[in-house]
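Asks: Build the 3D model from these lines:
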Amino acid sequence: MRQALLNVFRLPVKWLVKTNSIPSDVESELGIDKSRPIIYLLPSDSVTDQLALQMSAQKMGLPDPVEPVTLANKSYPGSLFLRRTEALLRKRNQNTDIEPVSTDLFHLHRDHSDLDVQVVPVFITWGRAPGKGKPGLADLLTLSAAPSWLRKFFIVLFLGRDTFISYSQAVSSRAMADQHSTDEKLAHKLSRVASTHFHRKRQAMTGPTLLERQELNNAVLGSEMVRNAIGEEMRAKQLSADEARQVAAGYLTEIAADYREGLIRFGDRLLTRIWNKIYNG
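Replies: I've put the predicted structure just below:
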């Protein structure tokens with residue numbers, strides 16, 4: 001099924017997408033050896049992401065991420081995915097086959113001491129980071145880390161010419177396999193480390209995400225300075241501890257409102273046009 005989707009979308013993606021590879025020389029800057037086996041690791045199982053990576057890899061002379069990799073007479077996928085893309089209408093299991101495939105790969109290392117695969121994390125950014133381009137619909141499209149196929153359609157359509165393929169330093173499968181741990185634990189560790197890595201890459205490329213309101217409120221309300229201020233409020237206004245804390249929480253709700261920068265930019269443009277339309281006749 002996936003191979004059929006790759007074949008169907010390959011030509012449209014080639015027309016609509018222009019890739020910019022970071023860095024431009026992965027051999028000298030990241031130490032990636034093009035002659036050794038490579039398995040790419042991507043944040044989500046997006047077909048268009050894999051096709052964009054394929055375009056970049058072909059330009060740079062890297063192995064094809066769509067083609068399987070043969071290791072010790074066994075076939076492995078050329079790309080692994082950390083999570084599945086969001087479903088359009090319903091929630092679904094986000095797990096992919098990364099852990100079972102990785103477990104089998106690490107098990108293969110037990111029988112072949114010379115086996116070493118370069119696991120290369122790749123982070124793909126569609127469109128420019130907030131603040132670098134004109135605010136509007138593009139900000140809304142790129143809010144999700146693993147957008148649904150419908151949102152991805154519009155991302156490719158409107159932002160495809162500004163796509164960045166960011167390669168990271170390869171992880172040696174041999175170095176991981178030589179650690180004193182079970183294959184299952186090593187596979188889980190690979191997934192966990194990759195998740196943290198991609199979260200940091202997303203912050204570096206698109207800017208930091210906002211803290212959840214409750215997490216931020218709890219952190220501030222628990223600080224020594226705020227606790228002292230709550231105590232002074234209790235004494236000055238004869239309030240109970242709960243009442244004073246509720247007052248402080250109300251102030252925080254106003255100060256640390258839960259908002260999305262993309263939504264605010266889009267709303268600002270929309271309301272500005274409406275305002276000008278009304279008052280300019």
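
Asks: quick check: mean pLDDT across the helix or strand hosting residue 270?
Replies: Assessed by DSSP states H and E, residue 270 sits inside helix 261-279. Throughout helix 261-279, pLDDT has a mean value of 69.

Asks: worst-scoring helix or strand of the protein, pLDDT-wise?
Replies: Here the helix or strand of the chain ranked lowest by mean pLDDT, DSSP states H and E is helix 137-141, holding a mean of 47.

Asks: List the residues that contact residue 275.
Replies: Contacts of residue 275 were listed using C-beta atoms under 8 Å, 6 or more residues apart in numbering, and none were found. Quick note: C-beta positions are derived from backbone N, CA and C, even for glycine.

Asks: OK, contacts around residue 163?
Replies: By C-beta under 8 Å, 6+ apart, the residues touching residue 163 are 17, 18, 19, 20, 52, 124, 125, 126, 127.

Asks: Put the buried members of the residues you listed into a ChimeraX selection.
Replies: The buried residues among the contacts of residue 163 can be selected in ChimeraX (16 or more other C-beta atoms under 10 Å) with this line:
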select :17,19,52,124,125,126,127
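
Asks: Just name the closest of the contacts of residue 163 to residue 228, please.
Replies: Proximity of those to residue 228 (C-beta to C-beta) peaks at residue 125, which lies at 43.7 Å.

Asks: Quick one: classify that closest one as helix, strand or coil.
Replies: Under the three-state scheme (DSSP: H, G, I helix; E, B strand; the rest coil), residue 125 adopts strand.

Asks: What segments of the stretch 101-250 of the chain are helices?
Replies: In the stretch 101-250 of the chain, the helices defined using DSSP state H, counting those that start in this stretch lie at 137-141, 149-159, 173-177, 183-206, 213-221, 224-237, 241-255.

Asks: ok, residue 278 - how many residues close by?
Replies: 8 (other C-beta atoms under 10 Å).

Asks: Distance of it relative to residue 270?
Replies: According to C-beta to C-beta, to the nearest Å, residue 278 and residue 270 sit 13 Å apart.

Asks: What residue spans form the domains of the chain?
Replies: 2-206, 213-279 (automatic domain parsing).

Asks: among those, which gets the worst mean confidence?
Replies: domain 213-279 (a mean of 75).

Asks: didn't residue 171 look like it was pressed against residue 118?
Replies: Yes - using C-beta atoms under 8 Å, residue 171 is in contact with residue 118, at 7.5 Å.

Asks: Pick out whichever of those two has more residues nearby.
Replies: Under the neighbour definition other C-beta under 10 Å, residue 171 and residue 118 were set side by side, and residue 118 has more, 21 against 18.

Asks: wait, what's in contact with residue 102?
Replies: 80, 186, 187, 190, 191.

Asks: Can you verify my assumption that the second one contacts residue 104?
Replies: Spelled out, that is residue 186. No - between residue 186 and residue 104 there is no contact under C-beta under 8 Å: 11.3 Å.

Asks: If you count surrounding residues, which of those two has more?
Replies: residue 186 (22 against 14).

Asks: can you tell me how far that one sits from residue 102?
Replies: Distance from residue 186 to residue 102, by C-beta to C-beta: 7 Å.

Asks: And the contacts of stretch 17-29?
Replies: With contacts defined as C-beta under 8 Å, 6+ apart, stretch 17-29 is touched by 30, 32-34, 48, 51-52, 55-56, 59-60, 62, 156, 160-167.

Asks: 7 Å instead, please
Replies: Contact with stretch 17-29 is made by 30, 32, 34, 52, 55-56, 59-60, 156, 160-161, 163-167, as judged by C-beta atoms under 7 Å, 6 or more residues apart in numbering.

Asks: and if you look at stretch 56-65?
Replies: Contacts for stretch 56-65 (C-beta under 7 Å, 6+ apart): 19, 21, 26, 34, 38, 40, 50, 53, 54, 78, 79, 165.

Asks: Next step: these restricted to helices.
Replies: Secondary structure from DSSP state H places 26, 50, 53, 54 of these in helices.
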